[in-house]
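> Sequence plus predicted model, see below.
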Amino acid sequence: MSDIFVMIRNQDNSALTSIDGTAFITLLRQDGQVLAEELVELIYADAGFDDLRTGQYTVVVRHEQVQPIEATYDVIINAEDKVILLTFVYLEPERILLQIQASVESRL
């Protein structure tokens, strides 16, 4: 089984836990259905989806006060024991998504 780990950061790579006190929400979708929903943790600005089978997934980060309101990233898990790391980077003063960084590591 593999994991997807989501981090929310600002342009300075600092944890971006919330906007105006409202936390980001992460969703895990497969074939258009929501499999899981997690609030981004309010200290480290992260969320995780564990023990996923091989397949295609879509990770969604939502917040009503940023642009776009919903940012998505498609993930293909084609091997077991992988950790997919996704970092959604926002330009904090303007509340705009700058980029999504992705990497894959082997689970220890």
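It's in.
> now the residue nearest to residue 88 when sequence neighbours are not counted: how far from residue 97?
Closest residue in space to residue 88, ignoring its immediate chain neighbours: residue 61 at 4.9 Å, by C-beta to C-beta, 6 or more residues apart in numbering. (Glycine included, C-beta is placed from N, CA and C.) Separation of residue 61 from residue 97 (C-beta to C-beta, to the nearest Å): 8 Å.
> ok, these two, which is more surrounded?
Using other C-beta atoms under 10 Å, the more surrounded residue of residue 61 and residue 97 is residue 61, with 25 against 17.
> so that one touches residue 23, yeah?
No: taking contacts as C-beta atoms under 8 Å, residue 61 lies outside contact range of residue 23: 11.0 Å.
> Could you tell me which residues touch both of those two?
Residues touching both residue 61 and residue 23 (C-beta atoms under 8 Å, 6 or more residues apart in numbering): residue 40.
> circling back to that earlier point, and for residue 61 and residue 97, which residues touch both?
71, 88.
> and the residue nearest to residue 68 when sequence neighbours are not counted, what is it in contact with?
Excluding the flanking residues, the one nearest residue 68 by C-beta to C-beta, 6+ apart is residue 97, at 6.3 Å. Contacts for residue 97 (C-beta under 8 Å, 6+ apart) come out as 66, 67, 68, 71, 88, 89, 90, 91.
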